[in-house]
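Asks: Got a sequence here, can you build the structure:
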Amino acid sequence: INNRPDGEEQGQPGSAELAAAAQANGLEYYHLPVVSGQIGDDDVSAFNALLTQARGPLLAFCRSGTRSTSLWALSEAHHLDPQVLLSTAGEHGYDLSGLAPRLQQRWQQAPLPQAQSASTPTQRYDVVVVGGGAAGCAVTASLFKRNPELRIAVIEPREQHYYQPG
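Replies: Just a heads-up that it's a prediction; the model follows:
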């Protein structure tokens, strides 16, 4: 997902050129130009729609990464605590503290989760990997490399994993 408007910086490749390069390399390309410092609710909705639509690993980029990180955080704020989003962004070098009020507002305005009834369709996967440790991640990566169309779920109760090679 390219979040840079065309012509933002001299020497920057245009979105048509990037789309052609992506296609030549078998990648999907989305252009969602957002002006730095002017992320609106429509931009967040469009970004969220792309996150839902795109399959497989996803790379969102802009000049510095801040716009794309901000769009990600705002699109996730309806179901993730704002402090978790700010902390995660901070761990990767992005200070989104200026977005804290917006993240809090989106968090508070999110609808309460509804209990699923028996008639509610559930998410379906081709493969379910139980365990998100080194082996689970390796198996998942191997399967996905062989068939990128697979819908894979990884079940792991721990929030953090510390890789400890044998």
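Asks: Give the residue spans of this structure that score low on pLDDT.
Replies: Applying pLDDT under 70 to the chain flags residues 112-123, 160-166.
Asks: Helices along that one, start to end?
Replies: Along the chain, counting by DSSP state H, helices occupy 15-24, 41-53, 66-76, 82-91, 100-109, 134-146.
Asks: Out of these, which gets nearest to residue 30?
Replies: Of all these, helix 41-53 sits nearest to residue 30, with 5.2 Å by C-beta to C-beta. Bear in mind the C-beta positions are built from the backbone N, C-alpha and C, glycine included.
Asks: And the closest one, what's buried?
Replies: 43, 44, 46, 47, 48, 50 (16 or more other C-beta atoms under 10 Å).
Asks: which other helices and strands contact that helix?
Replies: Contact here means 3 or more C-beta pairs under 8 Å, 6 or more residues apart in numbering; DSSP states H and E; on that basis helix 41-53 packs against helix 66-76.
Asks: again, only this time at 10 Å
Replies: Packing partners of helix 41-53 (3 or more C-beta pairs under 10 Å, 6 or more residues apart in numbering; DSSP states H and E): helix 66-76, helix 100-109.
Asks: for the shortest one, the distance to its chain's centre please.
Replies: Using C-alpha atoms, centre = their mean, to the nearest Å, we find the averaged C-alpha position of helix 100-109 to lie 18 Å away from the chain's own average C-alpha position.
Asks: got the angle for that helix vs helix 41-53?
Replies: Interaxial angle, helix 100-109 versus helix 41-53 (axes from the mean of the first three to the mean of the last three C-alpha atoms, to 10 degrees): 60 degrees.
Asks: same for helix 100-109, what does it pack against?
Replies: Judged by 3+ C-beta pairs under 10 Å, 6+ apart, helix 100-109 is in contact with helix 41-53, helix 66-76, helix 82-91.
Asks: Quick one: residues contacting residue 94.
Replies: For residue 94, the contacting residues are 64, 65, 66, 68, 69, 70, 72, 73, 86, 88, by C-beta atoms under 10 Å, 6 or more residues apart in numbering.
Asks: what's near enough to touch residue 148?
Replies: Here residue 148 is in contact with 26, 55, 56, 57 (criterion: C-beta under 10 Å, 6+ apart).
Asks: and the helices and strands packed on helix 100-109 as CSV, adding distance to residue 138?
Replies: Shown next, in CSV, are the helices and strands packed on helix 100-109 (distance: least, C-beta to C-beta, whole Å):
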stretch, distance to residue 138
helix 41-53, 25
helix 66-76, 26
helix 82-91, 24
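Asks: Could you find the closest non-adjacent residue to residue 77?
Replies: Spatially, and ignoring its direct neighbours in sequence, residue 77 is nearest to residue 106 (3.7 Å; C-beta to C-beta, 6 or more residues apart in numbering).
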